[in-house]
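**Q** this is the structure alone, sequence omitted:
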């Protein structure tokens, strides 16, 4: 039963990153630049998930059947996924036919409107995707509440593994095989499957998930965490989490730029970076799944992990410099054979391959 829910959250993670990958291609058409579209999608996707998690997390313990609500949210995400393509076509056609020409004398206002329209397209789904984790975790912990650290680690890892697979599947297979609408339909099918199977599981074991079990006296069981909750240290931890997120976002943007030097395609660099980044998150969650409930001082472990991340980031600066210094030599070795080349070179051919997929969004 528990591993079935992990598998469902794997599918949810795969669908979420398929959406993120395909959104970058759609929004590149709207904002006119793939690099801007990538930054915009990352910002809105993560911000929307934060909003959804915050709003639902405040009330998840009060819900009678959070897994039923989880299924409803998954179905809603799938429905919005199916509606995304026709909505994008209608909105972009209206914008380019009337709105953008009216703002041609003000490039700044035109760019702002493009970004606002792009955000309005993906923010609703992002908020719903953020709501899935607090809902499914609340439902699972009502039955398996003896090992919360292990359960949440496995839940996070399964979702992240699915996300890492989903972004590669979208970028290197689904778009070329099914075009943009078909890729959205595939992701929506995963959402609907997760919703349907969740309802079946809950229907069979309704008594296990029916009523809230967390009371004020049981909400904090470990003494050190009770002391932490009673002090102001939780705000310090929230600040540390926020700082970690900001640093992670900076890493992602920098890694996209570095990979684009190697692969030449900004789109595939984005997908490879996301897959590697999320795979690392999954492996990290899996690594602590057997230790999370036995550590006497988890805050000390958190501090050590933060120090390790900082040290690795400093060490990476040397590798970045080597990559920049060797970029010209690599490019020269690739171009060395003296043979006729199509006009525009290899990089334009890569971009042309991306454009073939992007053109399907106009149909």
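**A** Yep, it's here. Keep in mind that this is a model prediction, so the values were computed, not measured. Numbering: from 1, shown residues only.
**Q** show me what whichever strand or helix holds residue 159 is packed against.
**A** Assigned by DSSP states H and E, residue 159 belongs to helix 148-169. Contacts defined by 3 or more CB pairs under 8 Å, 6 or more residues apart in numbering; DSSP states H and E place helix 148-169 against helix 2-31, helix 107-141, helix 266-288. Backbone N, C-alpha and C define where each C-beta goes, glycine included.
**Q** residue 50: which of these is closest?
**A** Residue 50 sits nearest to helix 107-141 of all these, at 6.2 Å, using CB to CB.
**Q** quick check: buried residues in the closest one?
**A** For helix 107-141, a neighbour-count test (16 or more other CB atoms under 10 Å) marks 110, 113-115, 117-119, 121-123, 125-141 as buried.
**Q** run the chain-centre distance for the helix holding residue 159.
**A** 11 Å (CA atoms, centre = their mean, to the nearest Å).
**Q** ok, of the helices and strands packed on helix 148-169, where does mean pLDDT dip lowest?
**A** Here those differ in mean pLDDT, and the lowest is helix 266-288 at a mean of 83.
**Q** could I get the buried residue list for it?
**A** By 16+ other CB under 10 Å, the buried positions in helix 266-288 come out as 266-275, 277-279, 281-282, 285-286, 288.
**Q** between the helices and strands packed on helix 148-169, which one is closest to residue 52.
**A** Closest to residue 52 of the helices and strands packed on helix 148-169 is helix 107-141 (CB to CB; 2.8 Å).
**Q** which strands or helices does the closest one pack on?
**A** Secondary elements touching helix 107-141 (3+ CB pairs under 8 Å, 6+ apart): helix 2-31, helix 34-57, helix 66-94, helix 100-102, helix 148-169.
**Q** distance from the longest one to the middle of the chain?
**A** Centre-to-centre, helix 2-31 and its host chain are 7 Å apart (CA atoms, centre = their mean).
**Q** and what of the fourth one?
**A** Using CA atoms, centre = their mean, we find the averaged C-alpha position of helix 100-102 to lie 33 Å away from the chain's own average C-alpha position.
**Q** contacts made by that helix with the rest, please.
**A** For helix 100-102, the surrounding residues in contact (CB atoms under 8 Å, 6 or more residues apart in numbering) are 110, 113-114.
**Q** 10 Å instead, please
**A** By CB atoms under 10 Å, 6 or more residues apart in numbering, the residues outside helix 100-102 that reach it are 30, 92, 94-95, 109-110, 113-114, 117.
**Q** for these, which two are the farthest from each other?
**A** Using CB to CB, the contacts of helix 100-102 span at most 17.6 Å, a distance reached by 92 and 109.
**Q** surely residue 114 meets residue 31?
**A** Yes. Taking CB atoms under 10 Å as the definition, residue 114 is a contact partner of residue 31 at 4.9 Å.
**Q** between those two, what contacts are shared?
**A** Counting by CB under 10 Å, 6+ apart, the common neighbours of residue 114 and residue 31 are residue 40.
**Q** for the stretch 51-200 of the chain, which spans come out with low pLDDT?
**A** Along the stretch 51-200 of the chain, the model assigns pLDDT under 70 to no residue.
**Q** hmm, back to that, is it possible to export the helices and strands packed on helix 107-141 to JSON lines including distance to residue 195 and mean neighbour count?
**A** Shown next, in JSON lines, are those (distance: least, CB to CB, whole Å; neighbours: other CB atoms under 10 Å):
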{"stretch": "helix 2-31", "distance to residue 195": "9", "mean neighbour count": "23"}
{"stretch": "helix 34-57", "distance to residue 195": "16", "mean neighbour count": "19"}
{"stretch": "helix 66-94", "distance to residue 195": "4", "mean neighbour count": "20"}
{"stretch": "helix 100-102", "distance to residue 195": "38", "mean neighbour count": "13"}
{"stretch": "helix 148-169", "distance to residue 195": "15", "mean neighbour count": "22"}
